[in-house]
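*Asks:* From the sequence below, what's the structure:
(4 chains)
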There are 4 protein chains.
Amino acid sequence: MVIVMAPDASSDNIASIVDLVASAGGEAYVTRGVSRTIIGLVGDVQRFATLDLRALPGVADVLHISAPYKLVSRENTAERSVVRVAGVPIGGDHMTVIAGPCAVETPEQTLEAALMARRAGASLLRGGAYKPRTSPYAFQGLGEAGLKILSDVRDETGLPVVTEVVDASDVELVASYADMLQIGTRNMQNFALLQAAGEAGKPVLLKRGMSATIEEWLMAAEYIAQRGNLDIVLCERGIRTFEKATRNTLDISAVPVAQSLSHLPVIVDPSHSGGKRDLVLPLSRAAIAVGADGIIVDVHPAPETALCDGPQALTEADLDALAHLVDTLPALVGRTLTAVPQTAALGV
Amino acid sequence: MVIVMAPDASSDNIASIVDLVASAGGEAYVTRGVSRTIIGLVGDVQRFATLDLRALPGVADVLHISAPYKLVSRENTAERSVVRVAGVPIGGDHMTVIAGPCAVETPEQTLEAALMARRAGASLLRGGAYKPRTSPYAFQGLGEAGLKILSDVRDETGLPVVTEVVDASDVELVASYADMLQIGTRNMQNFALLQAAGEAGKPVLLKRGMSATIEEWLMAAEYIAQRGNLDIVLCERGIRTFEKATRNTLDISAVPVAQSLSHLPVIVDPSHSGGKRDLVLPLSRAAIAVGADGIIVDVHPAPETALCDGPQALTEADLDALAHLVDTLPALVGRTLTAVPQTAALGV
Amino acid sequence: MVIVMAPDASSDNIASIVDLVASAGGEAYVTRGVSRTIIGLVGDVQRFATLDLRALPGVADVLHISAPYKLVSRENTAERSVVRVAGVPIGGDHMTVIAGPCAVETPEQTLEAALMARRAGASLLRGGAYKPRTSPYAFQGLGEAGLKILSDVRDETGLPVVTEVVDASDVELVASYADMLQIGTRNMQNFALLQAAGEAGKPVLLKRGMSATIEEWLMAAEYIAQRGNLDIVLCERGIRTFEKATRNTLDISAVPVAQSLSHLPVIVDPSHSGGKRDLVLPLSRAAIAVGADGIIVDVHPAPETALCDGPQALTEADLDALAHLVDTLPALVGRTLTAVPQTAALGV
Amino acid sequence: MVIVMAPDASSDNIASIVDLVASAGGEAYVTRGVSRTIIGLVGDVQRFATLDLRALPGVADVLHISAPYKLVSRENTAERSVVRVAGVPIGGDHMTVIAGPCAVETPEQTLEAALMARRAGASLLRGGAYKPRTSPYAFQGLGEAGLKILSDVRDETGLPVVTEVVDASDVELVASYADMLQIGTRNMQNFALLQAAGEAGKPVLLKRGMSATIEEWLMAAEYIAQRGNLDIVLCERGIRTFEKATRNTLDISAVPVAQSLSHLPVIVDPSHSGGKRDLVLPLSRAAIAVGADGIIVDVHPAPETALCDGPQALTEADLDALAHLVDTLPALVGRTLTAVPQTAALGV
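*Replies:* A predicted model of the protein is given here:
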């Protein structure tokens, strides 16, 4: 931590800070420059944070030079993590595909989408039973009935289930059906939800807030980790900018940046980023090439009747291209596609 | 609703849409232009929304021409609303000041801040018992103990209490102590929380999400209104931009824009917008001059030891200037400062 | 300047930096923290900048603690400047109104707009003869013919002329007609233009780039100042954000922030910020109340036929309200409206 | 073009618009909805644009449904263009690498960087002689002396030269040395410069403005095209967002979006996007995988002493990885790496 003094700070101002830091058990090293003095602090940063140094007389700025997250930081855990979702790995040398419908609508639609997901190379099934929607008049999801459908489809297809939870009080229920809990972009800083998810005993997929910095995203992950759950996968899904040609702006650089700052796996959602079917394959290629640990893709048997986000869902016609892509591209970046789970039910 | 067809859309594409709209109980009017055809839709917009018209062959774009919110819209309620918080009005010709500490820390600090608030012309007391913090290592608030302090300070000072609730499961508890529930910027799209607040029987102060459009903000208010609660006050508190000289960028235009789109009162938070003590008074002047229905300001008896947001809190030394400002400026925009409640406890 | 070392930086890394700084005539003070070491640099910052310290082994970050602009900085010139445009003051205790048509179209339209400007309390006339337009198919301005019209209208109305220049090679010509040169938002970092304007011997109105930070804006002003011209007025005109209800987002906080960092006057353009007639008066009130040194407003005798930005121009019907506003509000912030110049031609 | 009427628009308002459109040679088709009326316009859009329909009584909104650019639009030119720079192709099935130093500093440094560029697979040399810098105190480039160095290095290495021009009055001079003119991000809307470049008889590399929408970028290209020059290559180099972990946010989606809207080739600058050496290779992979027509990369023999942007320049140690990447990845997206030009001077 470094304190930058104002040009007109007095010697008394500086002496007071040195004393205050000492009284908090730290040490303060003063460097007098031509126009400004800086004070380097050594000691317990958490303790210093409570001093509100920025409000002291003569202080121009306080600079933090260490990451504020600990458990998810790569500083302490150099090796990149592998998170297992009902046995299916995400991270390490794997490239994992998650696919499925944006929303669970009917058993038939969900099963069909899951079979599409398998054909596309997915080893995990996504699908929402609780849908956070901007409009209260939009379809809000089937709730527990949707969770049951997902559970049945998992039995039929062998694909473990990733599904969103939107309220802390639903975590236990959702965790009783799901293999992985998804926290959506609007809830990235719903701290009660993060903490509940941290205690649910299931891996968590944490989407980046639509205007969250990478640092805030990692702090949100730290909330989950603090409750003892380090099985966290980060998901970049586009940020909000002035550009309106796409639904969001996929921040592709966030993948290598977050991977360098944290040991957690980082995947990309090309469907919600672009918001258009035509962009899903190009953005999936970009995601795999940049080094993402996986992608999560919307597929739907009949997007034109989908109750949610139809325009961005891949259709039957796109599956071969996606399957080919995830089959060939990962090798170029030293990764192996996570295998589609075998299942007796389908005879494969 | 208007459908814009792609330049290469076929007559069959157009005919299919006309049929689909008709089957949904609507009417479709086709206008053929030089390079494009457009189709105007007349009928039930909610119903049309389920058709996912954007995904149909030949469709280039679907344009919505009506606001997606109803209950909070000014289209249906021309007169601007007055919301009463334990009798204290916000809206109409009033200009209401809410002030208090960012976080409740101790009974003494809260009482002292409340007395500062009164001196500054505030008729409502703000103070957080539940603090959503970016870092899990930061002070998270006193919880119910904080609510009790607020309640006691209300008894002593006569100021009704505005306090934040961060989780749907806490709404009942918080509402049992508070006179107005605050929903913070990170929770603007925490829909479970919005719905619970809508049923709590207390007015709600809804802060704008830090990257929310004005339309999304009004949609969030619609979630509350839908549960039967129209006592909603909107609070602009700065949006996230590339500028880093301020904590957030106060979107001052949002006040007249939201007031023209909605009948709900709109207030401004100059403390969280700028994030710096020096900016609070200038931004308060701007807020009142632009026509805001109120301001909500951080005050603290000793900001340098505040557990939260000390650098933006006004101190004793600033109170006279704020009191003078709220006393003189509202008249210039045709408003009257809401009076500080009289109270027997203080003998005033 | 402070160098933050990476956690794994070696003693050799640190020693090399100390040597390098010494060889550049500076001194380096090393502070070893628990997990990181920082090095405070004392000496010539310009010189240090050429060392590319950030690229050295072991360096995690380099923090600049002084403003990179000098001539326009308030650190060196504590008193706020007054810029005189053909005698009309901007800055100090003045509040100056600039008004006129967005574009010069005809002599009649320009004269009529200038008379409107006078009625509204303006002491300077704005009007564009060179219009930078997003589309090459849009009206690009009358060029020198427009400058002649402005010059004639100045003779008739007594209002000195502020007009935009868009190319360095036009500066001399424009300066021969204009009393103040305007540099538009798209050209804020057109450095050849800034330098030419700095040598033209006329005051300069420098609009903020639509995505420029306040620091970059002041650096652009420094380019002008470096050529010996300190008669610079800064103009906040809205920045680009995700919000689409307004043309741009007026960054009202930029006024007090820029005034605290620089001694130059800062004015606001409420017309281009909001992009809508209905917002011009509220935003003008906010600008004056926040402490701006002036406002620059579009007026047009017939906005519905304007060749440029008609929807944001004030009409006859709005003039009284604007005149009343600029007559009454400045006193509340300790300012006096700059008087409309007297002129024999109009008999006033 | 579609006009959306306000809910309270009168029949007279509507009739006036129909008449006005007719008088401008167009046709207006009226569709009356439940709460709003819309009017579809058929005819000459340029003509309609001069009517300022948005300012008419009763008009709520005017929606444009056709792209405002023509010559660069893919609507009129379905096949994607190939631009040749001194014979070296960009576009079509090619994947072209441009590399070199950010700034030309000395003959030796430039030659060395050019040889590095060749080793990395580049077929074109980049290097700046005119450097637009945020600070007037930063290195501004060698000017014509730098152009001469580039010309000499072209003779020695066989690599055609891409270099930036920052002022319209320099275009002729720069074009006499360069094989391709670069227009930088700060000058994307320097229309005088765009027009001069359009007449210079050399291909143009047009970088996206740092806060420009894709539509504005294409409009800027239209300014060049209008002067008869369609040899334009678009370059995505990152946009400005709230994220500060990277210098800019690479908008990777802009590549397929711009390619779908325009027939011009689109390349990516991974160096200026991320601003960090470690991100250049991952972002280059993402760019090629998403389908970019090329990449433009900073290389420098000694980045730690570079006068400009050293931290983002690749070094000797990175060349093999880049060469391998551009050799293997393009085939996966159906492209062929443009061959490094043979040259007698180097005996290759």
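
*Asks:* give me the number of residues near the closest residue in space to A:Lys148 that isn't next to it in sequence?
*Replies:* With sequence-adjacent residues excluded and distances taken as CB to CB, 6 or more residues apart in numbering or on different chains, A:Lys148 is closest to A:Tyr177, at 7.2 Å. No exception for glycine: its C-beta is placed from N, CA and C like everyone else's. As a burial measure, A:Tyr177 scores 17 neighbours (other CB atoms under 10 Å in any protein chain shown).

*Asks:* confidence score at A:Tyr177?
*Replies:* For A:Tyr177, the pLDDT comes out at 98.

*Asks:* Please apply the same query to A:Val34.
*Replies:* pLDDT recorded at A:Val34 is 69.

*Asks:* and the stretch 101-250 of chain A, which of its residues are near chain C?
*Replies:* Within the stretch 101-250 of chain A, the positions adjacent to chain C are A:240-242, A:244 by CB under 8 Å from any CB of the partner chain.

*Asks:* Closest one to chain B out of those, please.
*Replies:* A:Arg240 (4.8 Å; CB to the nearest CB).

*Asks:* I figured the closest one was touching B:Ser211, is that so?
*Replies:* Yes: the pair A:Arg240 / B:Ser211 is scored as a contact, 4.8 Å apart, by CB atoms under 8 Å.

*Asks:* Between these two, which contacts overlap?
*Replies:* Residues touching both A:Arg240 and B:Ser211 (CB atoms under 8 Å, 6 or more residues apart in numbering or on different chains): A:210-211, C:242.

*Asks:* restrict the residues you listed to those near chain B?
*Replies:* A:210-211, C:242.

*Asks:* How far does stretch A:24-35 sit from its chain's centre?
*Replies:* A distance of 38 Å separates the centroid of the chain from that of stretch A:24-35, by CA atoms, centre = their mean, to the nearest Å.

*Asks:* can you tell if it touches chain B?
*Replies:* No: contact of stretch A:24-35 with chain B (CB under 8 Å from any CB) is absent, the minimum separation being 12.0 Å.

*Asks:* that older thread, neighbour-wise, which of the residues of the stretch 101-250 of chain A next to chain C leads?
*Replies:* Within these, most neighbours by other CB under 10 Å means A:Thr241, with 26 neighbours.

*Asks:* Quick check, pLDDT for that one.
*Replies:* Confidence score, pLDDT, at A:Thr241: 96.

*Asks:* Please report how far the residue lying closest to A:Gly91 once chain neighbours are set aside lies from A:Gly198.
*Replies:* Using CB to CB, 6+ apart and skipping residues adjacent in sequence, the residue nearest A:Gly91 is A:Pro265, 3.4 Å away. Distance, A:Pro265 to A:Gly198, using CB to CB, to the nearest Å: 17 Å.

*Asks:* likewise A:Ala321?
*Replies:* Per CB to CB, A:Ala321 is found 38 Å from A:Gly198.

*Asks:* Now for the residue nearest to A:Lys148: which residues touch it?
*Replies:* Contact analysis of A:Tyr177 by CB under 8 Å, 6+ apart lists A:147-148, A:150-151, A:161, A:163.

*Asks:* What about these, which are in strands?
*Replies:* Cross-referencing these against strands under DSSP state E gives A:161, A:163.

*Asks:* Can you tell me which of the contacts of A:Tyr177 are buried?
*Replies:* Buried by 16 or more other CB atoms under 10 Å in any protein chain shown: A:147, A:150, A:161, A:163, out of the contacts of A:Tyr177.

*Asks:* Between which two of these is the distance greatest?
*Replies:* Greatest spacing in these, by CB to CB: A:Leu147 and A:Val161 (8.5 Å).

*Asks:* Identify the contacts common to the two.
*Replies:* By CB under 8 Å, 6+ apart, A:Leu147 and A:Val161 have these common neighbours: A:177-178.

*Asks:* Can you give me the buried ones in the helix-or-strand element of chain A with minimal mean pLDDT?
*Replies:* Using mean pLDDT, DSSP states H and E, helix A:45-49 stands out as the lowest-scoring helix or strand of chain A, at a mean of 75. By neighbour count with 16+ other CB under 10 Å, helix A:45-49 contains the buried residues A:45, A:48-49.

*Asks:* ok, residues contacting that helix?
*Replies:* Residues outside helix A:45-49 that contact it (CB under 8 Å, 6+ apart): A:1, A:21, A:24-26, A:41, A:64, A:66, B:137-138.

*Asks:* can you redo these as JSON lines with neighbour count?
*Replies:* Converted to JSON lines, the contacts of helix A:45-49 look like this (neighbours: other CB atoms under 10 Å in any protein chain shown):
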{"residue": "A:Met1", "neighbour count": "23"}
{"residue": "A:Val21", "neighbour count": "23"}
{"residue": "A:Ala24", "neighbour count": "16"}
{"residue": "A:Gly25", "neighbour count": "10"}
{"residue": "A:Gly26", "neighbour count": "20"}
{"residue": "A:Leu41", "neighbour count": "25"}
{"residue": "A:His64", "neighbour count": "12"}
{"residue": "A:Ser66", "neighbour count": "17"}
{"residue": "B:Tyr137", "neighbour count": "17"}
{"residue": "B:Ala138", "neighbour count": "17"}
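
*Asks:* quick one: which of the residues you listed sit in helices?
*Replies:* Under the assignment DSSP state H, these contribute A:Val21 to helices.

*Asks:* ok, so of the contacts of helix A:45-49, who is nearest B:Asn229?
*Replies:* Of all those, B:Asn229 sits closest to B:Ala138, with 31.2 Å by CB to CB.

*Asks:* give me every residue that touches that closest one.
*Replies:* B:Ala138 sits next to A:49, B:131, B:308 when contact means CB under 8 Å, 6+ apart.

*Asks:* One more: A:Asp251?
*Replies:* Going by CB under 8 Å, 6+ apart, A:Asp251 touches A:208, A:236, A:238-239, D:241, D:243, D:249-250.
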